[in-house]
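Following is a predicted model, sequence given first.
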Amino acid sequence: MLTSTFLLSLLGLAAASPLARSYVEPHIVVNPRYPARSTSKGFKLVVNVTDHSKDFDPPIHNYEVTSIHTGAGLNLVGVIKKDGRIFYQNGTKNERQNGEATVITDGGTPLTPSGLALEKNKKSKNLYDTTLNFGPGTPGVQLNAIDDPYTYMLPETFVACNESLAYYQGKHFIVIKQARLTIDKNNKIQRNIPKGCAPIRLVPECTELEELPKGSYSSHKYALESKCYKDVSKIKWEKSADKRPGDFRYKLRARHRSRLSIFNSSISSAFVACAVDLLPDKLLIAPSSLRTALFFKMTKLTPGMLSARASTLSLRQQALSSSATLNNNNNASASTQLNNEPSQRSKNFILADMEGRDTRDNRVCASCIAQLAPGEVGQVNWHLAEDQVCRLCQVAEIQPEAFTKPFCDFLQENPTIFHTVDYFKDKLKQLGFKELSPRDSWAGKVQPGGKYWVTRNGSSLIAFTVGKAYQPGNGVAMIGGHIDALTAKLKPVSTKAVKAGYVQLGVAPYAGALNQTWWDRDLSIGGRVIVRDEETGKTTTRLVKLDWPIARVPTLAPHFGVGMMGQNNAETQAVPIIGLESSQHASSKTLGPAGSFVNTQPPRLVELIAKQLKIQSYSSIVNWELELYDSQPAQTGGMDREFIFAGRIDDKLCSWAALTGLLAASDNSDEGSIKLVALFDDEEIGSLLRQGARGNFLPNVVERTVEALNPDTYGPSLIGQTYAKSFLLSADVTHAGNPNFLEKYLSEHVPELNVGIVICGDSNGHMTTDAVSTSILQRVGQLAGCRTQTFQIRNDSRSGGTIGPALSSMMGVRAADAGLPQLSMHSVRATTGSLDPGLGVKFFKGFLDNWEKVDAEWH
């Protein structure tokens with residue numbers, strides 16, 4: 001299927017490229033004097049009534065577009081005689097050309113972006129409300145990108161209607177809507193202009209884009225230069241080819257088809273010919289979804305007849321426009337629906353789509369606006385400019401599909417546990433969290449309403465917020481997860497003797513890695529490097545990732561017999577190759593003085609890492625902790641992009657979703673609890689190290705926080721009271737049902753992807769869940785509008801463990817185990833649902849926001 005945005009861009013090219021020399025209909029001026037245009041980043045939108053007989057009294061022709069406030073962060077689009085809102089197009093040149101830019105205006109105190117958006121009108125199937133809501137706006141609601149002789153706002157056709165607004169006790173306003181054109185069964189165009197409304201075009205008038213004051217949450221980094229008119233009211237439309245911007249129709253002659261070069265001739269000649277002949281007459285003015293259907297109906301073309309490039313664009317746009325909707329009723333099912341109309345996503349603060357539209361500074365939730373209207377949607381942004389602080393909106397709903405691409409990017413950008421912690425620290429800092437040092441006193445530093453994080457070993461992290469209404473003894477809503485994953489770590493001496501001309505790397509499996517799923521994989525190297533400045537003696541930690549395939553564990557071809565059958569020796573047969581002897585230089589080459597660490601490592605690898613980190617002296621590398629990781633990018637898959645295929649899903653999935661949920665959680669001033677997310681290292685090997693869950697990190701942070709908040713009353717009694725009011729949600733991935741091995745599952749316990757969180761139980765105490773904690777999580781799901789599932793292993797299977805039992809017994813807190821499902825656990829590459837990251841965010845946010853309410857219901 002050729003989607004609407006792609007076709008809209010194509011139509012503009014087909015209609016516009018030969019205009020300078022083309023013929024037009026006889027009743028239209030052959031050599032019109034089109035109104036002169038200028039360029040400006042800022043512009044006002046001027047109302048151009050295309051049918052004066054339907055104008056109002058007083059007329060609104062040449063009025064300017066403004067906003068009509070209808071709630072916090074919510075505005076309808078109205079008109080005003082002068083001093084209308086100043087707009088700008090937000091995006092890149094390619095986004096504008098492809099119909100993916102948005103139109104933004106800045107407003108509020110401090111300034112925040114509001115995007116021009118279309119939302120389906122509940123009372124009319126062909127009418128859309130035009131809004132200026134807080135957020136990025138609808139992609140494609142922009143000035144026409146192709147060099148037409150006129151500049152105006154897409155899509156056609158806007159209308160102005162006189163309506164009474166309940167928000168103002170029935171007072172009447174002129175509001176702007178958008179009417180979708182249709183073609184009836186007789187193949188006649190229906191403009192669908194409501195009775196009493198005037199058809200209009202929105203024409204840009206150049207103006208200066210105002211400078212942003214200090215403290216603004218907006219950004220003009222991606223404000224585009226736009227074509228606009230210096231004074232719309234002085235334009236004499238009757239001297240042009242058409243009397244109004246809304247009336248012109250071009251019919252291109254066949255002799256101009258050869259002059260069209262659409263997407264570098266990547267589309268078939270039949271497609272071009274049909275586009276020139278048919279689109280200007282019948283499709284150019286049709287709504288986007290109808291244009292697509294009619295094009296294939298009239299041309300007899302199919303998507304398969306397009307070139308590979310066009311097909312790729314089509315698939316990408318399908319992924320961009322597909323959205324999964326979650327029914328907020330209890331135990332409602334999640335379903336994936338194809339959405340052809342951008343208006344259906346107009347209230348989403350789109351941060352990154354499933355297949356990779358870049359996020360722009362003003363396409364994010366840039367500031368917390370309290371008390372958004374019910375149903376408003378917001379998401380966490382993981383693609384902020386480094387110099388921009390983003391606050392998340394208090395929202396009533398999370399749209400799971402918006403988190404797919406950010407999660408995939410997170411996995412790809414942060415392959416090791418050290419990169420993961422560093423990444424989370426950066427995001428916390430951007431969102432106003434403050435770092436606490438475990439070496440310092442926290443007295444006077446931790447306050448009600450504050451947001452903090454603390455790390456241990458650079459591989460574990462705890463982030464928390466303190467409710468503004470905190471009182472001594474209040475509880476802690478905790479989510480615990482782990483961010484370590486199966487890997488192979490470089491040995492202290494990783495140099496190995498050359499064999500058969502191959503340079504090999506000495507590695508040791510971490511938690512069962514180097515199993516056969518790791519063989520014949522493209523493996524990269526990353527981790528942390530300890531560097532000492534030879535002049536000052538100061539030691540620092542540097543992160544490195546050589547993000548191209550370096551290592552590979554080759555299998556033995558089946559022609560050699562049973563060499564790959566059964567158990568292989570992890571020490572002698574699972575040794576990665578990293579190069580040939582010729583690339584190693586001289587085998588006796590030393591890079592540092594006698595006894596240097598670098599002399600124990602492959603010389604060429606040392607050189608690569610030093611070059612990556614711009615280290616001049618090899619001997620300044622004191623040590624390192626490096627590991628192998630699968631270099632294949634995380635990506636969506638399946639016929640409808642319903643899967644995520646990636647490495648390191650266990651358990652970066654729940655950890656990422658939990659921290660994202662904390663960042664999205666409400667800052668309600670009435671809340672008195674502490675909201676906390678703890679992410680640990682070493683879970684896969686038993687959690688017994690100091691950075692693991694058994695290493696006192698979490699109780700130490702909780703107790704020091706309570707002490708800092710209550711310096712005069714702190715003691716065992718207060719800590720006991722705090723723990724008694726607390727709850728731990730141990731969040732780790734669990735097993736989705738594998739259709740090829742269903743006999744391994746209980747028939748009543750087969751978790752599904754893209755459905756929701758899974759509550760896990762175990763009668764032998766490997767999980768913390770009991771009847772009480774299960775009921776608590778089910779209640780959280782009800783309040784958050786999330787569906788829950790259950791899982792327990794068969795009696796003849798072995799259960800894995802989580803951090804839940806250790807932490808709950810250490811602190812004496814109530815607890816439950818729950819997580820998101822995945823296939824192929826402990827494989828080098830696993831599978832989860834494309835909606836599962838967002839479903840996790842929604843549930844974890846719901847737990848943090850609703851814990852006080854749920855706890856009160858139990859006591």
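Cool, got the structure. This one's a predicted model, so the numbers in the text were calculated from it and none came from an experiment.

just the strands in the stretch 551-700 of the chain please.
Applying DSSP state E, counting those that start in this stretch to the stretch 551-700 of the chain gives strands spanning 577-580, 621-630, 635-637, 643-646, 674-680.

With the stretch 1-150 of the chain instead?
Along the stretch 1-150 of the chain, the stretches classed as strands by DSSP E, counting those that start in this stretch are 38-40, 42-49, 64-71, 74-80, 87-90, 102-107, 112-120, 127-134.

Just put the ones you listed in a markdown table and tack on mean pLDDT and distance to P837.
The way it works is simple: take the backbone N, C-alpha and C, and place the C-beta from them, glycine included. A markdown table is the format used below for these (pLDDT from 0 to 100; distance: least, CB to CB, whole Å):
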| stretch | mean pLDDT | distance to P837 |
| --- | --- | --- |
| strand 38-40 | 94 | 40 |
| strand 42-49 | 95 | 37 |
| strand 64-71 | 88 | 29 |
| strand 74-80 | 90 | 28 |
| strand 87-90 | 94 | 26 |
| strand 102-107 | 90 | 24 |
| strand 112-120 | 87 | 24 |
| strand 127-134 | 88 | 24 |
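
deepest of those strands, which one?
Comparing the strands of the stretch 1-150 of the chain by mean neighbour count (mean count of other CB atoms under 10 Å), strand 87-90 ranks first with a mean of 27.

That strand - contacts with which helices or strands?
Where contact means 3 or more CB pairs under 8 Å, 6 or more residues apart in numbering; DSSP states H and E, strand 87-90 is packed against strand 42-49, strand 102-107, strand 112-120.

Compute the inter-axis angle for the longest one and strand 127-134.
Yep, that's strand 112-120 we're talking about. 160 degrees (axes from the mean of the first three to the mean of the last three CA atoms, to 10 degrees).

could you say what helices and strands strand 112-120 packs with?
Packing partners of strand 112-120 (3+ CB pairs under 8 Å, 6+ apart): strand 87-90, strand 102-107, strand 127-134.

ok, 7 Å please
When contacts are defined as 3 or more CB pairs under 7 Å, 6 or more residues apart in numbering; DSSP states H and E, strand 112-120 sits against strand 102-107, strand 127-134.

One more: the first one?
Other elements packing on strand 42-49 under the criterion 3+ CB pairs under 7 Å, 6+ apart are strand 64-71, strand 87-90, strand 198-207.

Turn those strands into TSV, columns for distance to I621.
What follows is the helices and strands packed on strand 42-49, written out as TSV (distance: least, CB to CB, whole Å):
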stretch	distance to I621
strand 64-71	58
strand 87-90	44
strand 198-207	57
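
Out of the ones you listed, which is closest to N144?
Between N144 and the helices and strands packed on strand 42-49, the shortest gap by CB to CB is with strand 198-207, which sits at 10.2 Å.

Just give me how far the closest one sits from the chain centre.
How far strand 198-207 lies from its chain's middle: 33 Å, per CA atoms, centre = their mean, to the nearest Å.

mean confidence score for that strand?
For strand 198-207, mean pLDDT is 94.

next structured bit after that strand?
Sequence-wise, the next helix or strand beyond strand 198-207 is strand 226-228, with elements assigned using DSSP states H and E.

how close does the closest residue to D129 other than its chain neighbours get to A198?
Residue nearest to D129 in three dimensions, not counting chain neighbours: E119, with 4.8 Å by CB to CB, 6 or more residues apart in numbering. As defined by CB to CB, to the nearest Å, E119 lies at a distance of 21 Å from A198.

Nearest to D533, out of the helices and strands packed on strand 42-49?
Nearest to D533 among the helices and strands packed on strand 42-49 is strand 87-90 (43.5 Å), distances taken as CB to CB.

tell me how far stretch 634-647 is from the chain's mean position?
15 Å.

sorry, back to before: for the strands of the stretch 551-700 of the chain, which one ends up most surrounded?
Scoring these by mean count of other CB under 10 Å, the most buried comes out as strand 674-680, with a mean of 27.

Show me what it packs onto, helices and strands only.
Checking 3+ CB pairs under 7 Å, 6+ apart, strand 674-680 ends up next to strand 460-466, strand 476-482, helix 649-664.

Quick one: closest of the ones you listed to G812.
Per CB to CB, nearest to G812 of the helices and strands packed on strand 674-680: strand 476-482, 12.4 Å.

could you give the mean pLDDT of the closest one?
Mean predicted confidence for strand 476-482 is 98.

Direction included, what does that strand pair up with?
Note on strand 476-482: by DSSP bridges, its sheet partners are strand 674-680 (parallel), strand 727-731 (parallel).

export those strands to CSV and tack on distance to T416 and mean pLDDT?
Listed next are the strands paired with strand 476-482 as CSV, based on distance: least, CB to CB, whole Å; pLDDT from 0 to 100:
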stretch, distance to T416, mean pLDDT
strand 674-680, 14, 98
strand 727-731, 21, 98
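
Same list (those strands) but as CSV, adding distance to P593.
Converted to CSV, these look like this (distance: least, CB to CB, whole Å):
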stretch, distance to P593
strand 674-680, 38
strand 727-731, 48
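
For beta bridges, what are the partners of A463?
For A463, the beta-bridge partners under DSSP bridges are W453, V677.

Roughly how far does it sit from T455?
Distance, A463 to T455, by CB to CB: 10 Å.

Dump the helices and strands packed on strand 112-120 to JSON lines, plus distance to G140.
Converted to JSON lines, the helices and strands packed on strand 112-120 look like this (distance: least, CB to CB, whole Å):
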{"stretch": "strand 102-107", "distance to G140": "8"}
{"stretch": "strand 127-134", "distance to G140": "12"}
